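Novice: Sequence and predicted model, in that order:
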Amino acid sequence: MATFDLSPGALDAQMPMDPLQYAVASRDRDVLSIVRNALERGNTMLAFQPVVRADDAKQVAFYEGLIRVLDEGGRIVPAGQFMGQIAENALGRDVDCETLRHGLDMLQANPTLRLSLNVSARSIGDAAWRRRLDQRLDRDPAVAHRLILEVGETSAMQLHEMVIRFMEEMQPCGVAFALDDFGGGMTAFRHLKDFFFDMVKLDRCFVSGINHSPDNQVLAEALITVAHQFEMFAVAQGVETAAEAEFLSSFGVDCLQGYHIGVPKFTL
């Protein structure tokens, strides 16, 4: 007698994929293939977005280096199409290594530049990423004093002990650390006192439309107060309008970043 596997997993495997699911899966595979090929060819670069002082928008505090991946035609692949998919795998480590390589090259070539670079907690524990950082700082220790490493809140909380150890090792060398997307994952407050971040970057959800949202006004002001209590600078990112910038400045935010302040550019 023929037997059939009626378990849920087997039934799912036998069911034809929904056309929309198939299209999304195919697109995701294509995008990851483009990213992988771009890394192999070296078709990546940084775009630089200014972060300015809230009390004087003409004074750039530092720039954030944002990785850009180019397809074979030289077109930019939107980061939103692949960053979420690669965060937990080896491709994410490779992208972080490229970001670090470009950033350290720019710091070495521009002695007055202060630059922040994104890195996941998993990459901090990656041998290749760490080797690249250590080798460059061994050759040019002064670069460390102009380097800021941004770690996402969710990533930092998942591997908080490793991140804390890394920060304790690198901060005496001059490297600064920023907690990105602060407030987006509420686990931050449980461990915040254990970290020694130099600055926090407020999650965009608290910045968007703040001039029209009493809730965002209360939450943003509270997050800024928490940051200052722990002697950290507070940066508002995703600032799109003059009204948003004005509200945030009135709450005591230290720095502003966003398209209202300046768009990412490939040149400084």
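Specialist: Alright, I've got the coordinates. What you see is a predicted model; the values in this text were computed from it and never measured. Numbers count the residues shown, from 1 in each chain.
Novice: Let me see the residues that make contact with stretch 225-241.
Specialist: With C-beta atoms under 8 Å, 6 or more residues apart in numbering as the test, stretch 225-241 has contacts from 51, 54, 178-179, 182, 189, 192-193, 197-202, 204, 207-208, 211, 220, 223-224, 244-245, 248, 252-261. Yep, even glycine has a C-beta here, placed from its N, CA and C like the rest.
Novice: Separate out the buried members of those.
Specialist: Listed as buried from the contacts of stretch 225-241 are 51, 54, 178-179, 182, 192, 197-202, 204, 207-208, 220, 223-224, 244-245, 248, 253-258, 260-261; burial here means 16 or more other C-beta atoms under 10 Å.
Novice: Narrow these to those in strands?
Specialist: The strands, defined by DSSP state E, take in Val51, Ala178, Leu179, Phe182, Met199, Val200, Lys201, Leu202, Cys255, Leu256, Gln257 from the buried ones among the contacts of stretch 225-241.
Novice: Need the worst-confidence member of those residues.
Specialist: Ranked by pLDDT, these bottom out at Phe182, which scores 93.
Novice: I figured it was touching Thr154, is that so?
Specialist: No: using C-beta atoms under 8 Å, Phe182 makes no contact with Thr154, being 10.9 Å away.
Novice: all helices in the stretch 1-150 of the chain, in order from the N-terminus.
Specialist: Along the stretch 1-150 of the chain, the segments classed as helices by DSSP state H, counting those that start in this stretch run 8-14, 19-41, 83-86, 90-109, 121-124, 127-139.
Novice: can you map out the helices along the stretch 151-268 of the chain?
Specialist: 153-158, 160-170, 188-191, 214-229, 242-250.
Novice: what's the closest of the ones you listed to Ala142?
Specialist: Closest approach to Ala142 among these (C-beta to C-beta): helix 160-170, 14.4 Å.
Novice: Residues touching that closest one, excluding its own?
Specialist: Residues contacting helix 160-170 (C-beta under 8 Å, 6+ apart): 121, 124-125, 144, 149, 151, 156, 177, 191, 194-197.
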